[in-house]
Each structure stands twice: as structure tokens, then as C-alpha cells.
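Enquirer: sequence and predicted structure are below.
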Amino acid sequence: MRANKESPRAQESLHGSALCRKLGYEFNQLQLLQRALTHRSYAPEHNERLEFLGDSILGCVIAKHLYSNYPQLSEGELSRLRSSLVREETLVILAQQLDLGGCLRLGEGELKSGGFRRPSILADVLEALFGAVFLDGGFADAEAVVLNLYVPYMEKVDVQTLGKDAKTLLQEYLQGKRIPLPTYSVVEMSGEAHEQSFQVECVIPSLKISARGTGASRRNAEQQAAQAAYQQLPTTA
């Protein structure tokens, strides 16, 4: 069996510290950092248990932060906001900010298939890092790392709309303006059955808006198209 190889950037991430600087945390036990960055395809000592732990740490930290900082929100609104913040899509955005794809330890097959870009892998490794920080330094340090990433992100988004998908936001806007709802149609499909790509067009005739989105499923492509259309909405209508 061929041994898996680490890229120079992956090796650097274990010992120094571009990643640690971005996290705002220096590990005392480098083996925890190494395990957090190790996918199951690379070695038996991988990050899945740390991911399990980090998922719970993340949920607790975010719930505490929202409870303390958003007293005006109801329990339902807090739950919706927390769900949006801890979902895969948000984790991937933050993982990409850390450039985690270049730090992963992946097996040869995953490396060749682009595992360093796969959303599920990026989200899992970020949760594993939260778990690793908790084991290395305790809850306060893990909380600081989570908030160091999340607070700047939350300052850039509208918490009133966060957690609502693009189709819902678009529909609410149009209904509020008494504008007919958009139509969605598949304009292109490509790829093999197990790796299909859909391109969907979202059209709002009364506003002369036409936008397209691409995704691995029709539903995802519709969301991308709705997002593109939402961004074209006039400030007044």
C-alpha cells in the first residue's frame, strides 16, 4: 500500500502556525491539532470523534452567545438563528476563511477527487478543531475560538433574515409588494447520474428579472437562482 503524503502546507499547519494564528489559539498538544485535520481516508486515528465533540461545543457556545446578546428574540427565533449558524453552509464559509482545505490530511483517493473542497469534509474538520481546542485548553478557550470566527461573520449578516433560505426571502419580498411569485425552470442538466449538475432559471416578469443558479440537485440550483434574483431586487418596487 502506498503511504499517504502530506503537502508542505499540511505539514506547516501542524507545526506552525498560520492556522493557529487565524484561530487565535496555540495548541499545547499538537497531536490534537493533527488528529483534527486528519480525515478517515488518511489514517485510523482520524477526526470523527473530535467532530462529534466539537459539534456539541459549537451548539452550546452559539446558544449562549445568542441568549446573551439578542434579548429581543423569541425562543423560536433564537432556535432558527442557531440552526442557521451551526449548519454546514455556514461552517464551510468559515472553514474557507481559514483555508482549511490546504491543511487537511486526506487519503490519496480523497485528494484526487477533490476532497479538500468537499463541503461536508470542510464542515467536519472545523467542528473537529473546536473539539480539539476544548480538549487542549478547556471550554473557555474553545468558546473564544468559536466566537473569534462567528462574531465577525454575524456582524456582516442580517440576523432577522439569517436562517431563511433564498426562496423564502424572495417569496416574502414579492408577497409584501403584491408582486406575482417567480417561476423556476430547469434550463440545463449535465453529468452522470451520480454526479449530475442542474442549471435553473428564476424569472420575475413584472420586475424584468431573470437569474440562473447551478447546483448538484434541482432544489439547490433553485436556491442559487433565487439568491441571484434576490440580489437584483430594487430597493423600492
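Expert: Looks like it arrived, so ask away.

Enquirer: I'd like the average pLDDT over stretch 214-225.
Expert: Averaged over stretch 214-225, pLDDT sits at 90.

Enquirer: which residues sit against it?
Expert: 165-167, 184, 186, 195-202, 211-213 (CB atoms under 8 Å, 6 or more residues apart in numbering). (Each C-beta comes from the backbone N, C-alpha and C, glycine too.)

Enquirer: give me the buried subset of those residues.
Expert: Buried members of those, counted by 16 or more other CB atoms under 10 Å: 166-167, 184, 198-202, 211-213.

Enquirer: for this structure, which helix is longest?
Expert: Identified as the longest helix of the chain according to DSSP state H is helix 48-69.

Enquirer: report the buried residues of that one.
Expert: 50-51, 53-55, 57-59, 61-63, 65-66.

Enquirer: same check on stretch 24-32?
Expert: So for stretch 24-32, counting by 16+ other CB under 10 Å, buried means 25, 27, 32.

Enquirer: closest to Ser120 out of these?
Expert: Leu32 (21.6 Å; CB to CB).

Enquirer: contacting residues around that closest one?
Expert: 50, 132, 135-136.

Enquirer: rewinding a little: make CSV from the buried residues of helix 48-69 and add pLDDT and distance to Glu143 to it.
Expert: Converted to CSV, these look like this (pLDDT from 0 to 100; distance: CB to CB, whole Å):
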residue, pLDDT, distance to Glu143
Leu50, 97, 17
Glu51, 97, 18
Leu53, 98, 14
Gly54, 98, 12
Asp55, 97, 15
Ile57, 98, 8
Leu58, 98, 10
Gly59, 97, 12
Val61, 98, 5
Ile62, 97, 10
Ala63, 97, 11
His65, 96, 8
Leu66, 94, 13
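
Enquirer: can I get those in JSON lines with distance to Ala18?
Expert: Shown next, in JSON lines, are the buried residues of helix 48-69 (distance: CB to CB, whole Å):
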{"residue": "Leu50", "distance to Ala18": "20"}
{"residue": "Glu51", "distance to Ala18": "22"}
{"residue": "Leu53", "distance to Ala18": "24"}
{"residue": "Gly54", "distance to Ala18": "20"}
{"residue": "Asp55", "distance to Ala18": "25"}
{"residue": "Ile57", "distance to Ala18": "23"}
{"residue": "Leu58", "distance to Ala18": "22"}
{"residue": "Gly59", "distance to Ala18": "28"}
{"residue": "Val61", "distance to Ala18": "24"}
{"residue": "Ile62", "distance to Ala18": "25"}
{"residue": "Ala63", "distance to Ala18": "30"}
{"residue": "His65", "distance to Ala18": "26"}
{"residue": "Leu66", "distance to Ala18": "30"}
